[in-house]
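Engineer: Fold the following and give me the result.
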Amino acid sequence: MYKVIKPSNGQDWEQLRSRFPVLQKKTYLNSCSYAALASEVEASLKRYLEHRNDKGADWDYWVGRNEAVRNSMARLLGAESNEVAVTASASAGINSLASALKFDGPRNKVVITDFEFPTNAQIWYAQESRGARVVRIAQENGRIPLEKFEQVIDEETLIVATAQVAFRHGAKQDIPAIAEIARRKGALTMVDSYQALGTMPFDVKKAGVDFVVGGMLKYLLGTAGIAFLYVRRGLIESLTPTVTGWFAAEDIMAMDITAYTPSTTARRFEAGTPPVPNTYMAEAGLAIVHEVGLEAIESRIGQLTTAIKDASIEAGYRLASPLDPARHGAMITLRSNDDNRLVASLAEDNIVVSCRNGNLRISPHFYNNEADIEHLFRALHQRQNLLV
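Structural biologist: Numbering: from 1, shown residues only. Sure thing, here's the model as predicted:
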C-alpha cells in the first residue's frame, strides 16, 4: 500500500514534516482534535516567557500580538481586519453574538442541524429563555439535503447556525448554497468552521455568510484558548453584545467605568484580557498556514484522505464519512463497535487518533505522509474485531 506521492505545488512535504517533532515518535492523525505542535509554535511560547523575564509587562507589544492574530485571520478569511474579533473560544464568540440578537420579534427562529458541535447547539438552546425558538434539521444517511434548509428556513427565521464540516463523521456542507437560501428568505447565517479552516480555502465574501467562528488549536496549528469570530461589516454597528469586557471598548486604555462604549469594529464582540501567551502561538501557527498555502494544503490533504478511503475499502471497513471528496472534509471516519477501546489500543502502537459516536476519526494534515497511513492500517488489521 505504501506509495510515495511526489511533492505538489512546489512543496517539500518531508521538509515541512520535519518541523513537527512529535512525528518522530508518533503516528499523529488527530488534527481534528488538536494539531501537532510545530517547532516554530513551541519557540513562540518560549519567546513569550523570555519577554516576561526580560520586561515583566509590555502591554503595547501584547496588544500588538493580538492585532497580528486579527490581521492574519482576516487574510485567511478574505475579510477586513475590522471584521474579526479575537476571542478565547468559539463558545465565547457565539455567546457574544447571541447576546446581541433579539428574539422578541416576528423573527425568533434559530435553525441548527444534527451536524453541530455541542457548543453551537447548546448556546442557541440557552437563548430559549430569551424567546428564541430552536429548530434542528435531522441528517439523512449522514447528509443534510439542501431541500431541508429550503423547507425549514422561513420568514420567522432569524439565524441559521451550522457547521461547515461535521465533527462526528467529517461530512461537509455546501455553505454558499445554505447562505443563499437564508439570505433569500431574510435570515442571517453563522458558520462553525472549526473543522474546516486550515484545510481548504474559504472566502467569507464569496460564501456570502454573515458570521464565522473557529479556533486555532486544530488545523490552524496554534493552541487552545484562542479563537475568532468574523462579523460582516454591514452588521457590526447594528449588534450590541451584552456579553462584553474591556477589550470590547472603543478605547481599551480609557478605563472608563461610567459608560459602555463598544468599538465600532468587530472588537465589540471581544471580552476581557486576551490570552497573551496564546496570541504568540496562534500567530506562529497561522504564519505556517500562510507559508504553505491553503490551495497546497487542500491538495495534499486530498491525496492523504483518498489513500485512507482506498485502504479502508480494500480492507472491507465501513466508512462513516461520505466517499465523494466534495462531500467530506479532512477527517475520514470508520465505524467501530467499541471506538474508545480502539483509540486506546492504537495508542499502544504510538498511533494518535480520536473518536466520536462510534466513529474512529482519522484526520491527516499536510505534515502527514503515506507511511503514517500504512502504519495505521497495519495496526487496524490486528484489531479488526473492533471495526464494523
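Engineer: so residue 239 makes contact with residue 98?
Structural biologist: No: the criterion here is CB atoms under 8 Å, and residue 239 misses it with residue 98 at 10.3 Å. Every C-beta, even on glycine, is put in place using the N, C-alpha and C of the backbone.
Engineer: More neighbours: these two, which one.
Structural biologist: residue 98 (22 against 19; other CB atoms under 10 Å).
Engineer: What are the contacting residues of whichever strand or helix holds the more buried one?
Structural biologist: Per DSSP states H and E: residue 98 is located in helix 90-100. With contact meaning CB atoms under 8 Å, 6 or more residues apart in numbering, helix 90-100 is reached by 85, 87, 117, 119-120, 123-124, 126-127, 161, 190, 192, 194, 211, 213-215, 227-229, 231, 239-244, 269-271.
Engineer: partner strands of the very next helix or strand once past that helix, parallel or antiparallel?
Structural biologist: Using DSSP H and E, the helix or strand that follows helix 90-100 in sequence is strand 109-113. Applying DSSP bridges, strand 109-113 is found paired with strand 133-137 (parallel), strand 157-163 (parallel).
Engineer: what number of residues lie near the residue nearest to residue 178 when sequence neighbours are not counted?
Structural biologist: Spatially, and ignoring its direct neighbours in sequence, residue 178 is nearest to residue 149 (5.5 Å; CB to CB, 6 or more residues apart in numbering). If you count neighbours by other CB under 10 Å, residue 149 ends up with 24.
Engineer: can you redo the strands paired with strand 109-113 as CSV with mean pLDDT, mean neighbour count and distance to residue 261?
Structural biologist: Below are these laid out as CSV (pLDDT from 0 to 100; neighbours: other CB atoms under 10 Å; distance: least, CB to CB, whole Å):
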stretch, mean pLDDT, mean neighbour count, distance to residue 261
strand 133-137, 98, 17, 32
strand 157-163, 98, 25, 26
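Engineer: what angle sits between the helix holding residue 98 and strand 157-163?
Structural biologist: Helix 90-100 runs at 180 degrees relative to strand 157-163, counting by axes from the mean of the first three to the mean of the last three CA atoms, to 10 degrees.
Engineer: same question for helix 90-100, mean pLDDT?
Structural biologist: Helix 90-100 shows a mean pLDDT of 98.
Engineer: Give me the subset of the contacts of helix 90-100 lying in helices.
Structural biologist: 119, 120, 123, 124, 126 (DSSP state H).
Engineer: hang on, the earlier thing: possible to save the strands paired with strand 109-113 as JSON lines with distance to residue 182?
Structural biologist: Output for the strands paired with strand 109-113, formatted as JSON lines (distance: least, CB to CB, whole Å):
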{"stretch": "strand 133-137", "distance to residue 182": "12"}
{"stretch": "strand 157-163", "distance to residue 182": "5"}
